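> My questions concern the predicted model and sequence given below.
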Amino acid sequence: MNILALDLGTSSVRGLLLDGDVRPLPGALARRKTVLTADGDGAGTLDPGQYLACLIECLDELHEGGHLREVDLIAVSAQWHSVLPLGVDDEPLGPVLTWLDTRPEPSSASGGPADQVDYHQRTGTWWHRCYWSVRLPWLRAHAGTRVGRFTGLVEYALGRLLTDAPMSMSQASGTGLLDLRTLDWDPEACALAETRGGDLPDLATRDWRGRLRPEYARRWPALAQVSWAAPVGDGAASNVGSGCVDDSRAAVTVGTSSAVRLLQRMPAHAAQTPLPQRLWRYRVDHDHVVTGAAYSSGGNLFAWADRVLRLPTGPALEQALALLPPGDGVPVHVGFGGDRPPGDRGAGSGELRGLGFDTTAVQILAGLMHGVCEQVVDDLVLLESMAGRPVDVVLGGGAMAASAWWRRAFAQVLTPRRVDFGRHPEIGATGAALVATGRITDAVVVADISRTDDQAPATQA
């Protein structure tokens, strides 16, 4: 059994083939970088047409390479929180707002949830600019014409390829409008979002499977009869791909941004454990939830430093970092991209402090990287309060794979916890495949979790 796994992220679109053991097949990978538009006003947008073109190009490349011939299932890891307004003709009215966009503000005409604590427990979210409860009214006010309906970027792209593309429970939970227990749109959240009847996506059933439209079935004949599984939010997929599938392990993932998360079994309509006020909760599928905190800072800080500072390149950079203790570097505040919920600071809140004429570019980078490590500690303590005990930590994501120094810095900051590194290169794609095949419990084996040999001595058992 081969699985085509699609990773539909913010910075790139990837397609790769996995074998029956959910291992990547050599050479069967196609990737396209997306064009994210960001500015000082807090915009963080993607062009829906260009994004769809990236996805089609990936599938074309895999088809031309002969990699689609034995695919039995298509799994999707998908970015959370994006929203796209469509006109009455079902065409985009503008760009896609990604999680990075901090421009939407709550309507002054609305007072917010009647009971903020209960709202948070039901939806796992807050009345915040990251969620559709705030974004939809803002988009209507700025659309310049009548909005027919709203959709997520992933639902838009899949809706062009498939005969139907309802929103999965995982994706719907990322909008902030879903009641996590009933698995239906929350009436109060929808009222805050000023939704109008059928302007929200249909919700996928537990057994939903998608099929290609005839024109794309002809384009990729090997996929004509292949089923598409419901998309899994990228954070949830990354937890599964990291092997963090119960409350004994928390995943700390650093890609473009970063997050700390704990996965628990929590079936629909069952009682839910109380949600700490500072944490969010989203669905993995109908039976599991992931609870945690996300941050706007991660590998994007490294990308900024690489672009702006005169950093060494390649192995020379890692050698220069190795000369600095993991806690060294200039003091920083890593809010370059603003706060993720529940914080409300806008983009441009980052700070570099204590600079002198002898401060080096590598010291600035080290301070930024160490700041990313420190931001997770307090929220990890909250997750441990849910588990009732200390938890192990598994580091994952492209930024972690790229830097041994960064892994050592995390190990130092998180001491005395056991800190491991998930060496699997495609945690989002493999996590989505494991969810799609009902094999979440196999994730620990697939993730290739191992104690890293590059941790600070203080963390070793």
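Structure received.

> and the gap between Met400 and His424?
11 Å (CB to CB, to the nearest Å). C-betas here are computed from N, CA, C, even on glycine.

> Give me the more crowded residue out of those two.
Met400 (26 against 22; other CB atoms under 10 Å).

> which residues in the stretch 301-450 of the chain form helices?
315-322, 361-374, 377-387, 398-402, 404-413, 427-436, 443-446 (DSSP state H, counting those that start in this stretch).

> of all the ones you listed, which lies closest to Glu61?
helix 427-436 (15.7 Å; CB to CB).

> how about the CA coordinates for the closest one, as PDB?
Extracted in PDB, the C-alpha atoms of helix 427-436 (Å, rounded to 0.1, in the frame of the first residue of the first chain):
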ATOM      1  CA  ILE A 427       6.500  14.600  10.400                       C
ATOM      2  CA  GLY A 428       3.400  16.500   9.000                       C
ATOM      3  CA  ALA A 429       3.000  14.300   6.000                       C
ATOM      4  CA  THR A 430       3.500  11.000   7.900                       C
ATOM      5  CA  GLY A 431       1.300  12.200  10.700                       C
ATOM      6  CA  ALA A 432      -1.600  12.900   8.200                       C
ATOM      7  CA  ALA A 433      -1.000   9.400   6.700                       C
ATOM      8  CA  LEU A 434      -1.200   7.700  10.100                       C
ATOM      9  CA  VAL A 435      -4.400   9.500  10.900                       C
ATOM     10  CA  ALA A 436      -5.900   8.700   7.500                       C
END
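
> Can you spell out which helices and strands pack onto that helix?
Contacts defined by 3 or more CB pairs under 8 Å, 6 or more residues apart in numbering; DSSP states H and E place helix 427-436 against strand 2-8, strand 12-18, strand 71-78, strand 232-233, helix 234-241, helix 443-446.

> Could you dump those into TSV and include distance to Arg389, mean pLDDT and mean neighbour count?
TSV is the format used below for the helices and strands packed on helix 427-436 (distance: least, CB to CB, whole Å; pLDDT from 0 to 100; neighbours: other CB atoms under 10 Å):
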stretch	distance to Arg389	mean pLDDT	mean neighbour count
strand 2-8	33	97	26
strand 12-18	33	97	23
strand 71-78	29	98	24
strand 232-233	26	98	30
helix 234-241	18	95	31
helix 443-446	18	84	20
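
> Tell me, what's the model's pLDDT at the residue of the chain most remote from its centre?
Distance to the chain centre peaks in the chain at Phe357, reaching 38.4 Å (criterion: CA atoms, centre = their mean). If you check Phe357, the pLDDT there is 95.

> List phi and psi for it.
Per-residue torsions, Phe357: phi -70, psi -20 (degrees, to the nearest 10).

> check contacts around it.
Going by CB atoms under 8 Å, 6 or more residues apart in numbering, Phe357 touches no other residue.

> One more: the one 10 residues further on?
Contacts here follow CB under 8 Å, 6+ apart; on that basis Gly367 touches Gly329, Val330, Pro331, Val332, Leu352.

> cool, and Glu61?
Gly15, Ala30.

> and the gap between it and Pro390?
With CB to CB as the criterion, Glu61 and Pro390 are 45 Å apart.

> Select, out of the helices of the stretch 301-450 of the chain, the one closest to Gly198.
helix 427-436 (28.0 Å).

> Distance from that closest one to the middle of the chain?
Taking CA atoms, centre = their mean, to the nearest Å, one finds the center of helix 427-436 at 13 Å from the center of the full chain.

> Then stretch 409-428?
18 Å.

> Give the buried residues for it.
Across stretch 409-428, burial judged by 16 or more other CB atoms under 10 Å covers 409-414, 417-422, 424, 426-428.

> now the end-to-end length of it.
23 Å (CA to CA, to the nearest Å).

> what does stretch 323-339 give?
End to end - CA to CA - stretch 323-339 spans 32 Å.

> got the residue ranges for the strands in the stretch 251-400 of the chain?
258-265, 280-283, 288-295, 332-333, 351-352, 392-396 (DSSP state E, counting those that start in this stretch).

> same thing with the stretch 1-150 of the chain?
2-8, 12-18, 24-33, 37-38, 44-46, 71-78, 84-86, 96-97, 149-151.

> Buried ones only from the contacts of Gly367, please, as a PyMOL command.
Paste this into PyMOL to select the buried members of the contacts of Gly367, with burial taken from 16+ other CB under 10 Å:
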select buried, resi 329+330+332
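
> how close does the nearest residue to Pro342 once chain neighbours are set aside get to Asn239?
Closest residue in space to Pro342, ignoring its immediate chain neighbours: Trp126 at 4.9 Å, by CB to CB, 6 or more residues apart in numbering. Trp126 is 21 Å from Asn239, where distance means CB to CB.

> burial measure for the residue nearest to Pro342, as a count.
A count of nearby residues for Trp126, using other CB under 10 Å, gives 23.

> What score does it have for pLDDT?
97.

> likewise Pro457?
pLDDT, Pro457: 38.

> Surely Val446 touches Thr430?
Yes: between Val446 and Thr430 a contact is recorded at 6.0 Å, counting by CB atoms under 8 Å.

> got any residues that touch both of the two?
Val22, Gly241, His424.

> in terms of contact, does Ile3 touch Asp72 like I think?
Yes: taking contacts as CB under 8 Å, Ile3 lies within contact range of Asp72: 6.8 Å.

> pull the CA atoms of the top helix by length along the chain into CSV?
When the chain is parsed with DSSP state H, its longest helix is helix 48-64. C-alpha atoms of helix 48-64 as CSV (Å, rounded to 0.1, in the frame of the first residue of the first chain):
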residue,chain,number,x,y,z
PRO,A,48,-5.1,31.3,-3.9
GLY,A,49,-4.5,30.9,-7.7
GLN,A,50,-0.7,30.7,-7.2
TYR,A,51,-1.1,28.2,-4.4
LEU,A,52,-3.4,26.0,-6.4
ALA,A,53,-0.9,26.1,-9.3
CYS,A,54,1.9,24.9,-6.8
LEU,A,55,-0.2,22.0,-5.8
ILE,A,56,-1.0,21.0,-9.4
GLU,A,57,2.6,21.4,-10.4
CYS,A,58,3.6,19.0,-7.6
LEU,A,59,1.1,16.4,-8.8
ASP,A,60,2.2,16.9,-12.4
GLU,A,61,5.9,16.3,-11.4
LEU,A,62,5.0,13.1,-9.4
HIS,A,63,2.9,11.9,-12.3
GLU,A,64,5.6,12.6,-14.9
